[in-house]
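Chemist: Provide a 3D model corresponding to the input given below.
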Amino acid sequence: MSSVALLSGLSKVASEYDAIFCDVWGVIHNGREAFAEACVALKKFRETRGSVVLITNAPVPKDRVTRLFPKFGVPMDCFDDVIASGDATRNELKRVAPGPVYRIGLDEDFGTYAGLPLEFSDDPDVAKVVCCTSLREYPDGKPEPYRDELKRLAAKGLPMICANPDVVFRQGDKLIWSAGSLAKIYIEEGGQVISPGKPDEPIYRLAFERAAELAGREIAPGRVLAIGDGPATDVLGANRQGIDALFIGGGIHGHAMESGEGFLASATKILAADGVSAKWAMPELGW
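Modeler: Numbers count the residues shown, from 1 in each chain. Reported below is the predicted structural model:
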């Protein structure tokens, strides 16, 4: 596994890339407010180098992601487009239509299903597939109480589409359990999980297609930089796609990161724990 280098600013390496695939939560905002320097860095990359495609494991379509940006203070000119796990999930749901679908998640996540020719059932004997967008209790739900329910579903042989592979996400200074925590239990109980989001291929396929449209030509993986705070999602996905990764240490692992001279050692340890490698690391994204 190659060692990670400390990067002082995105401008130092921007000339090496034609596109950026950037995470959202933990990199450009924390679920409450924007990280201004990160937004400036992405805007400057767009002005001087190429396109910025935000790729997020949010379990909803991209319009549900961007509608929050004005509230958080994320400027709309720091990116070209957004690819959400919810969009990739809709593609998977089309393949299993009409279901029926056993739904796990918040009612407000129903936009993920809107307009699709699906039926729904809360009976494991009737359902053909499980779709998990989130825990039902927000923001204080915990995954372990779901184990018995998930065990019953797995025993029926129902595949689970996990619309948000993140195990946790950061909102303000709090970590909140996400759908990926339930997918992890589902696998432990012998269930099959289909993951349209990071680190798996479907969301990257959409991102590469959009980057090519924006550039008017194909973009090689070696000319793309992935930026994210999730070793098991952002960095692993980049490794699988042959994309250089910039790990942002101040996101979901911010509580475990040392500052100053100890930062790089902390980043190296966290990446190694997930068996992934990043080319660079920064505490926060900046130009």
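Chemist: ok, Glu47 to Cys78 distance?
Modeler: 10 Å (Cβ to Cβ, to the nearest Å). All C-beta spots, glycine's among them, are computed from the backbone N, C-alpha and C.
Chemist: swap in Leu106?
Modeler: Distance from Leu106 to Cys78, by Cβ to Cβ: 28 Å.
Chemist: the more surrounded of Glu47 and Cys78?
Modeler: Between Glu47 and Cys78, Cys78 has the larger neighbour count (other Cβ atoms under 10 Å), namely 21 against 8.
Chemist: show me how far the helix or strand bottoming out on mean pLDDT in the chain is from its chain's centre.
Modeler: Lowest on mean pLDDT, DSSP states H and E among the helices and strands of the chain sits strand 168-171, with a mean of 81. Here the centre of strand 168-171 is set off from its chain's centre by 11 Å, with Cα atoms, centre = their mean, to the nearest Å.
Chemist: quick one, helices of the stretch 1-150 of the chain?
Modeler: 36-48, 62-66, 69-72, 85-96, 147-155 (DSSP state H, counting those that start in this stretch).
Chemist: out of the ones you listed, flag the one nearest Gly275.
Modeler: Taking Cβ to Cβ, helix 85-96 is the member of the helices of the stretch 1-150 of the chain nearest to Gly275, at 22.1 Å.
Chemist: quick one: list the elements packing against that closest one.
Modeler: Helix 85-96 is packed against helix 62-66, strand 129-132, strand 160-162, helix 201-215, with contacts defined by 3 or more Cβ pairs under 8 Å, 6 or more residues apart in numbering; DSSP states H and E.
Chemist: and the closest residue to His29 other than its chain neighbours, what does it touch?
Modeler: Spatial nearest neighbour of His29, excluding adjacent residues (Cβ to Cβ, 6 or more residues apart in numbering): Phe72 at 4.6 Å. Residues in contact with Phe72 (Cβ atoms under 8 Å, 6 or more residues apart in numbering) are His29, Gly31, Arg32, Glu33, Ala34.
Chemist: give me the contact list for stretch 107-126.
Modeler: 59-61, 64, 86, 89-90, 93-94, 97-103, 127, 131, 133-134, 152-153, 156, 158, 163.
Chemist: now a ChimeraX select for only the buried ones of these.
Modeler: Selection of the buried residues among the contacts of stretch 107-126 in ChimeraX, burial being defined by 16 or more other Cβ atoms under 10 Å:
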select :59,60,61,64,86,89,90,93,99,100,101,102,103,127,131,133,134,153,158,163
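Chemist: need the phi and psi values for Val74.
Modeler: Main-chain dihedrals, Val74, degrees, to the nearest 10: phi -80, psi 120.
Chemist: my read: it touches Cys39, true?
Modeler: Yes. Contact criterion Cβ atoms under 8 Å: Val74 and Cys39 qualify, at 6.0 Å.
Chemist: list residues touching both of those two?
Modeler: Common neighbours of Val74 and Cys39 (Cβ under 8 Å, 6+ apart) are Ile28.
Chemist: who touches the residue sitting nearest the centre point of the chain in this structure?
Modeler: Most central in the chain under Cα atoms, centre = their mean is Asn57, positioned 3.0 Å from the mean C-alpha point. Shown in contact with Asn57 (Cβ under 8 Å, 6+ apart): Ala84, Ser85, Asn164, Pro165, Asp166, Phe169, Ser178, Gly180, Gly197, Lys198, Ile203, Thr233.
Chemist: so who does Cys162 touch?
Modeler: So Cys162 contacts Cys132, Ala179, Gly180, Leu182, Ala183, Tyr186, Val193, Ile194, Ser195, Pro196, Gly197 (Cβ under 8 Å, 6+ apart).
Chemist: what's the burial count for the first one?
Modeler: So the one you mean is Cys132. Cys132 is flanked by 29 other residues according to other Cβ under 10 Å.
Chemist: so it touches Lys184, yeah?
Modeler: No. With contact defined as Cβ under 8 Å, Cys132 does not reach Lys184; the gap is 10.9 Å.
Chemist: how close does the closest residue to Ala232 other than its chain neighbours get to Lys62?
Modeler: For Ala232, ignoring the flanking residues on the chain, the nearest one in space by Cβ to Cβ, 6+ apart is Asp274 at 4.9 Å. Separation of Asp274 from Lys62 (Cβ to Cβ): 27 Å.
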